[in-house]
Every structure is written in structure tokens, then in C-alpha cells.
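J.: Sequence plus the predicted model coming up.
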Amino acid sequence: MIGPGVEVGDAGLATWINDAYMYMIDEITEVRPEYFTKSSTTAIIENQQEYDLPDDWDKILLVNALYDGVWKRPKPMQNADIHGISIHSDTSSSQGFSIAQPYYYLIGDNIGLMPIPSTTTADGLKIWYVYTPTELFEDDDEPAFPVKYHHHIKYGAYANYLDQDDDHVAAERLRIRFDERIRRMTQSFSQQQIDEPKGVTIVENTDMYNG
């Protein structure tokens with residue numbers, strides 16, 4: 001779109017592309033807040049209370065944990081204050097919590113379980129979370145939304161290029177074109193939800209898919 005004979009550096013190109021890409025991410029999230037969702041599984045370690053969260057986590061949706069061989073759904077401790085969490089030298093202490101209804105809390109990039117698990121279990125902690133898509137830098141990087149919308153990025157990227165090249169009138173015309181394409185895209189995303197439940201129904205002691 002820039003045309004032959006025009007030198008454009010990789011750094012500038014990456015900036016223009018990612019500015020358009022992240023704008024599209026924001027617009028999708030506006031109509032589908034939980035569209036960018038992943039799951040993560042890790043081992044539960046005997047008497048270990050806290051576990052690392054995935055690097056790209058943004059918001060926790062659901063937590064399942066194995067206690068004594070039974071799947072439980074820990075509830076979030078709202079407004080958890082680390083000063084109110086009892087840490088004992090005896091890490092096997094239940095801390096006043098029961099596995100009949102466990103809880104989890106977030107501290108930094110860690111998730112903590114209460115009561116502390118008393119047995120080691122491979123893949124015993126399952127987390128579903130909203131993630132933040134990473135920017136595009138490598139040749140094989142792909143946008144985190146359907147392929148049919150990938151080409152929209154070039155219109156926003158080119159508008160950004162025109163702006164830095166002081167061709168603001170042409171940039172504004174192209175940005176209007178870009179915004180219209182994004183409007184149609186987000187309309188399609190929102191219509192995908194018409195005949196679907198707005199939330200996930202969770203049954204006690206089952207995972208996100210009632211398995």
C-alpha cells in the first residue's frame with residue numbers, strides 16, 4: 001500500500017501495524033469481554049499454597065483444583081488482603097478453611113489456594129483466564145482473531161504511516177475506511193452471542209465444560 005521506491009524501516013512498520021492491531025483487539029474486547037480466553041494447567045504440590053499464573057493472564061474466569069482426588073471449584077476471596085491471610089510455619093494447616101468450600105486469592109502474578117493442598121497432584125490446578133494478546137513482531141506471528149479479519153490491519157497501519165508522513169487528510173480518509181471495517185467486524189462478533197448464554201453455568205465439582 002505504501003508503494004514502490006519508498007523506504008520504510010522495520011521499527012516504524014511494526015509500530016504502525018501493532019497500533020492498528022491492538023486497536024482491533026480493544027474493539028473486539030468491547031463487544032466480547034471474554035473473547036480472548038485460555039486455559040492453563042499446573043501441578044499441585046503438597047503443602048504449597050501459591051502458584052505462578054501464566055505470563056499473559058489479565059483476568060481470572062474460573063479455577064478448578066483437586067483436593068483429595070475430588071475436583072473443587074475454589075471461590076474468589078474478594079478484596080483479599082495479604083495481612084489477613086494466615087501464613088503458618090506448619091503449611092499443612094487448614095487455616096480455618098475447609099476443602100468442602102475452598103477459596104483462591106490473587107497476589108501479584110501468583111494465585112493462592114485456601115486451604116493449602118495436602119497432596120501432590122499432576123495437573124491438579126486448572127485455570128481459565130482472559131489473556132492479553134501479544135504484539136506482532138516475528139514473520140510467523142499471527143493475529144489472535146479469525147483470518148478473514150487479518151487484512152483489516154493494513155488499513156489502520158497505512159493510516160498511521162500517512163499521519164507520520166504529514167499526509168493527514170489522506171490518513172483521515174483511510175482511518176474512516178478502517179473504522180467502518182472494524183464496525184462491521186465487531187457487529188459480527190456481537191451477533192455470534194445472540195442465541196448463546198451470556199455466561200457459563202458451573203456445576204459444583206465439575207470443570208468449565210461439565211466434564
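T.: Perfect, I can see it now.

J.: Now do the contacts for the residue sitting nearest the centre point of the chain.
T.: What sits nearest the mean C-alpha location of the chain, by Cα atoms, centre = their mean, is Y131, with 1.2 Å. Residues in contact with Y131 (Cβ atoms under 8 Å, 6 or more residues apart in numbering) are F36, T37, K38, P54, D56, W57, D58. Glycine gets a C-beta too; all of them are placed from N, C-alpha and C.

J.: again, only this time at 10 Å
T.: Y131 makes contact with F36, T37, K38, S40, P54, D55, D56, W57, D58, K59, A144, according to Cβ atoms under 10 Å, 6 or more residues apart in numbering.

J.: next one: H152
T.: A20, Y21, M24, P143, F145, R177, F178, R181, I182, R184, M185.

J.: Check the burial of T120 by counting its neighbours.
T.: 12 (other Cβ atoms under 10 Å).

J.: Tell me the secondary structure at the nearest residue to it once chain neighbours are set aside.
T.: Nearest residue to T120, sequence neighbours excluded (Cβ to Cβ, 6 or more residues apart in numbering): E46, at 4.5 Å. Put simply, E46 is coil when judged by DSSP: H, G, I helix; E, B strand; the rest coil.

J.: Can you give me the distance of E46 to W71?
T.: 18 Å (Cβ to Cβ, to the nearest Å).

J.: With N160 instead?
T.: 48 Å.

J.: Between these two, point out the one with more neighbours.
T.: N160 (23 against 15).

J.: Go ahead and confirm the more buried one touches A14.
T.: No. With contacts counted by Cβ atoms under 10 Å, N160 stays clear of A14, the gap being 11.1 Å.

J.: Spatially nearest residue to D19 (excluding sequence neighbours)?
T.: Closest residue in space to D19, ignoring its immediate chain neighbours: N160 at 5.4 Å, by Cβ to Cβ, 6+ apart.

J.: wait, is that neighbour part of a helix?
T.: Yes. Under three-state DSSP, N160 sits within a helix.

J.: What are the buried residues along the longest helix that the chain contains?
T.: Ordering each helix of the chain by length in residues (DSSP state H) puts helix 168-191 first. By 16 or more other Cβ atoms under 10 Å, the buried positions in helix 168-191 come out as A171, L174, R175, F178, R181, I182, M185, T186, F189.

J.: Which single one of the residues you listed is nearest to T120?
T.: Checking these against T120 with Cβ to Cβ, the nearest one is F189 at 41.6 Å.
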